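Peer 1: pasting the sequence and the predicted model now:
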Amino acid sequence: MMRPRFVLSLVISVFGISGIAADWPTWRGPTRDGISTEREFPTQWSATENIAWKVALPGGGHSSPIVSGDRIFVTACKESTQERLLLCYSRDDGKLIWQQTVLTAPLEKKHGLNSFASSTPATDGKFVYVSFLDGKRMQVACYDLDGKRIWAQSPGEFHSKHGFCSPPLIDGDLVIFNGDQDALAYLVAYDKATGQERWRADRPNRTRSYCPPIVIEAAGRRQLVLSGSKSVASYDVATGQQIWVMDGPTEQFVASLVYHQGLLFLTAGYPTYHIMAIRPNLTGNVTKSAVVWHETKGAAYVPSPIAWGDCVYVVADGGVASCLDVKTGKRHWMERLGRHHSASPVAANGLLYFLDDDGAMHIVKAGTEFDVIGKNKLGEACYASPALSNGQIFIRGEKHLFCIGAKAANR
C-alpha cells in the first residue's frame with residue numbers, strides 16, 4: 001500500500017503543482033478538494049490562545065491565503081486608493097516580505113457578500129498567478145516569488161452585476177481561467193511561463209459563474225470540468241475541446257466541484273438548489289444519463305462540498321450541515337453549525353473544519369454520526385476558506401491574517 005504522503009506527491013506531480021506535500025498552493029489546496037493528508041492540526045484556539053502570529057491586512061477581500069514553502073500569498077483591495085494588491089508574508093512570523101499593486105481601477109458593482117479581491121491566487125512554487133477585474137475587463141498576471149511581474153494579459157471583457165471571482169487553475173504548463181459572464185463567455189488557457197494564449201473555449205449559455213474548474217482523471221483521459229452557466233461541462237485539458245455537457249441543474253454556480261470515488265459532487269445554486277453525484281465517464285450531452293443521485297434539501301450556494309471516506313458533506317449558506325452517502329445520497333445527519341457560512345470546509349485526519357462568517361470554526365468528526373469535537377472563536381468576521389499547511393491553519397479574517405498553531409516546524 002502506498003503511504004499517504006507518497007500518494008499526495010504523486011497527485012501533485014500529475015496535476016502540475018510543485019512543492020512539498022505541506023504546501024497549500026491553490027484554491028482548496030494541493031488536490032483542489034479541501035483535503036490535507038497531514039495528520040496533526042490544532043483543534044483548540046481562541047482570539048489570543050494558540051495563535052502563532054496575527055498580522056493586519058492593508059485591504060479587504062474574500063480570497064484565501066495560499067502557502068508555498070516559507071511564504072504566504074494573499075490578495076486584497078485597498079478601497080481608499082482602489083488598488084488591487086498581491087501580498088507576500090513570511091510564514092514564520094507574519095512579516096510582510098513584499099507588496100505589489102496588480103492594478104488600480106474604480107471599484108466594480110458587486111453583491112453584498114462578494115468582495116473586490118475574491119479570487120484566490122495560485123502558485124507552482126516558482127510563480128504566483130492572480131486575477132482581478134479592471135473596469136469591464138478581466139486582468140490576469142504572473143509574478144515571481146520576489147514580486148517581479150513576469151507577464152500580464154486580459155482575456156477579455158467581464159460583465160456581472162454581482163462582481164468578479166475567477167481563481168486561476170494551474171495544470172502542467174498551463175494556467176486556466178473561467179470567463180463565465182452575462183455576455184460573450186469563455187474558458188481560456190495561457191502558457192504559464194510566457195502568458196501566450198494556448199486555447200480558448202466558448203461557453204454558450206452566457207451566464208455568470210464564479211468557480212474555477214477542476215482537473216480529474218476519468219474514462220482514461222484528463223478532463224477539465226467546470227460547473228457554471230446553466231450546465232456542468234467537461235473539456236480536454238490540453239485543447240479545450242468539449243467532451244461532455246450536462247444541462248442544468250440551475251442557472252448560477254459559486255461552489256466548486258469535488259471528485260471522489262469516481263464521482264463528481266456538486267452543490268448549487270440559484271434560483272434552485274441542488275446536491276448531485278455525477279458520472280464523468282460519458283460523452284456528448286449526458287443530461288439524462290450522468291446523474292447518480294440528486295438531493296435538494298440542505299444544498300449550498302457558496303460553500304463547496306467536501307468528501308471523506310464514504311460520505312460527502314455540505315454546509316448550506318444558512319449554516320445547516322449535512323452528511324450524505326457517496327454512492328446513494330442517503331442522508332446520515334443534518335445539523336446546524338453557525339449562523340451563516342461563506343467559507344468552504346477543509347479536512348485532515350478524519351476531522352472536518354467548518355468556518356462560519358462570525359469567525360467560529362466548528363470541528364466535526366467525519367462519519368455517519370454527528371460529533372462536534374470543538375468550536376473555536378477568533379472574534380473577527382471570516383468569509384475566506386482556510387488553508388492547511390505543515391501543522392498550521394491559516395485564516396484570512398475581515399482585517400487580519402491569522403496563523404493558528406505552534407511555530408512552523410522544520411520544512
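Peer 2: Received, thanks.

Peer 1: for the closest residue to residue 398 other than its chain neighbours, grab the count of nearby residues.
Peer 2: In space, and not counting its chain neighbours, residue 398 is closest to residue 381: 4.2 Å by CB to CB, 6 or more residues apart in numbering. Heads up, the C-betas are built off the backbone N, CA and C, glycines and all. Residue 381 is flanked by 13 other residues according to other CB atoms under 10 Å.

Peer 1: what do you get for residue 273?
Peer 2: The burial count assigned to residue 273 is 19, neighbours taken as other CB under 10 Å.

Peer 1: so how far is residue 87 from residue 105?
Peer 2: Distance, residue 105 to residue 87, using CB to CB, to the nearest Å: 18 Å.

Peer 1: strands of the stretch 301-411 of the chain, residue ranges please.
Peer 2: 306-308, 311-315, 320-325, 331-336, 346-348, 351-355, 360-365, 372-377, 387-389, 392-396, 400-404 (DSSP state E, counting those that start in this stretch).

Peer 1: who has more neighbours, residue 105 and residue 87?
Peer 2: Higher neighbour count among residue 105 and residue 87: residue 87, with 24 against 18, using other CB under 10 Å.

Peer 1: got the buried residues for the stretch of helix or strand that one belongs to?
Peer 2: Counting by DSSP states H and E, the element that carries residue 87 is strand 83-90. Applying a neighbour-count criterion of 16 or more other CB atoms under 10 Å, one finds 83-90 buried in strand 83-90.

Peer 1: got it, and stretch 347-366?
Peer 2: Of all the residues in stretch 347-366, those buried under the rule 16+ other CB under 10 Å are 347-348, 351-364, 366.

Peer 1: dump the C-alpha coordinates for it into PDB.
Peer 2: Presented in PDB, the C-alpha positions along stretch 347-366 are these (Å, rounded to 0.1, in the frame of the first residue of the first chain):
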ATOM      1  CA  ALA A 347     -10.400  18.400   6.300                       C
ATOM      2  CA  ALA A 348      -7.500  16.400   7.700                       C
ATOM      3  CA  ASN A 349      -7.000  13.300   9.800                       C
ATOM      4  CA  GLY A 350     -10.700  12.500   9.800                       C
ATOM      5  CA  LEU A 351     -11.700  15.900  11.000                       C
ATOM      6  CA  LEU A 352     -13.800  18.400   9.100                       C
ATOM      7  CA  TYR A 353     -13.200  22.200   9.700                       C
ATOM      8  CA  PHE A 354     -16.300  24.400   9.000                       C
ATOM      9  CA  LEU A 355     -15.600  28.100   9.400                       C
ATOM     10  CA  ASP A 356     -18.600  30.400   9.800                       C
ATOM     11  CA  ASP A 357     -18.900  34.100   8.900                       C
ATOM     12  CA  ASP A 358     -18.600  35.100  12.600                       C
ATOM     13  CA  GLY A 359     -15.100  33.600  12.800                       C
ATOM     14  CA  ALA A 360     -16.100  30.400  14.600                       C
ATOM     15  CA  MET A 361     -14.500  27.200  13.500                       C
ATOM     16  CA  HIS A 362     -16.700  24.100  14.000                       C
ATOM     17  CA  ILE A 363     -14.700  20.900  14.100                       C
ATOM     18  CA  VAL A 364     -16.700  17.800  13.300                       C
ATOM     19  CA  LYS A 365     -15.500  14.200  13.300                       C
ATOM     20  CA  ALA A 366     -16.100  12.700   9.800                       C
END
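
Peer 1: pLDDT on that stretch, on average?
Peer 2: Averaged across stretch 347-366, the pLDDT comes to 98.

Peer 1: return the distance of that stretch from the chain's centre.
Peer 2: In terms of CA atoms, centre = their mean, to the nearest Å, the centre of stretch 347-366 is set 16 Å apart from its chain centre.

Peer 1: how about stretch 279-288?
Peer 2: Counting by CA atoms, centre = their mean, stretch 279-288 is centred 25 Å from the centre of its parent chain.

Peer 1: other residues contacting it?
Peer 2: With contacts defined as CB atoms under 8 Å, 6 or more residues apart in numbering, stretch 279-288 is touched by 216, 218-219, 223, 225, 234, 243-248, 259, 262-264, 289-292.

Peer 1: endpoint to endpoint, it covers what distance?
Peer 2: End-to-end span of stretch 279-288 (CA to CA, to the nearest Å): 11 Å.

Peer 1: how about stretch 284-301: buried residues?
Peer 2: In stretch 284-301, counting by 16+ other CB under 10 Å, buried: 286, 290-293, 295, 298-301.

Peer 1: so which of these are in strands?
Peer 2: Using DSSP state E, the members of the buried residues of stretch 284-301 that fall in strands are 291-293, 295.

Peer 1: list just the nearest of those to residue 373.
Peer 2: Among those, residue 295 lies closest to residue 373 (CB to CB), at 26.1 Å.

Peer 1: hang on, that closest one packs against residue 329?
Peer 2: Yes. Between residue 295 and residue 329 there is a contact under CB atoms under 8 Å: 5.4 Å.

Peer 1: next one: the strand holding residue 87 to chain centre, how far?
Peer 2: Distance, centroid of strand 83-90 to centroid of chain: 18 Å (CA atoms, centre = their mean).

Peer 1: okay, the angle between it and strand 400-404?
Peer 2: Here the directions of strand 83-90 and strand 400-404 differ by 20 degrees (axes from the mean of the first three to the mean of the last three CA atoms, to 10 degrees).

Peer 1: against which helices or strands is strand 83-90 packed?
Peer 2: strand 71-78, strand 96-104, strand 127-134 (3 or more CB pairs under 8 Å, 6 or more residues apart in numbering; DSSP states H and E).

Peer 1: for that strand, which strands pair with it and how are they oriented?
Peer 2: strand 71-78 (antiparallel), strand 96-104 (antiparallel) (DSSP bridges).

Peer 1: and the average pLDDT for that strand is what?
Peer 2: 98.

Peer 1: what's the spacing between the spatially closest residue to residue 360 that is not a sequence neighbour and residue 229?
Peer 2: Nearest non-adjacent residue to residue 360, counting by CB to CB, 6+ apart: residue 377, 4.8 Å away. Using CB to CB, residue 377 is found at 38 Å from residue 229.

Peer 1: who has more neighbours out of those two?
Peer 2: Taking neighbours as other CB under 10 Å, residue 377 and residue 229 compare with residue 229 leading, 23 against 13.
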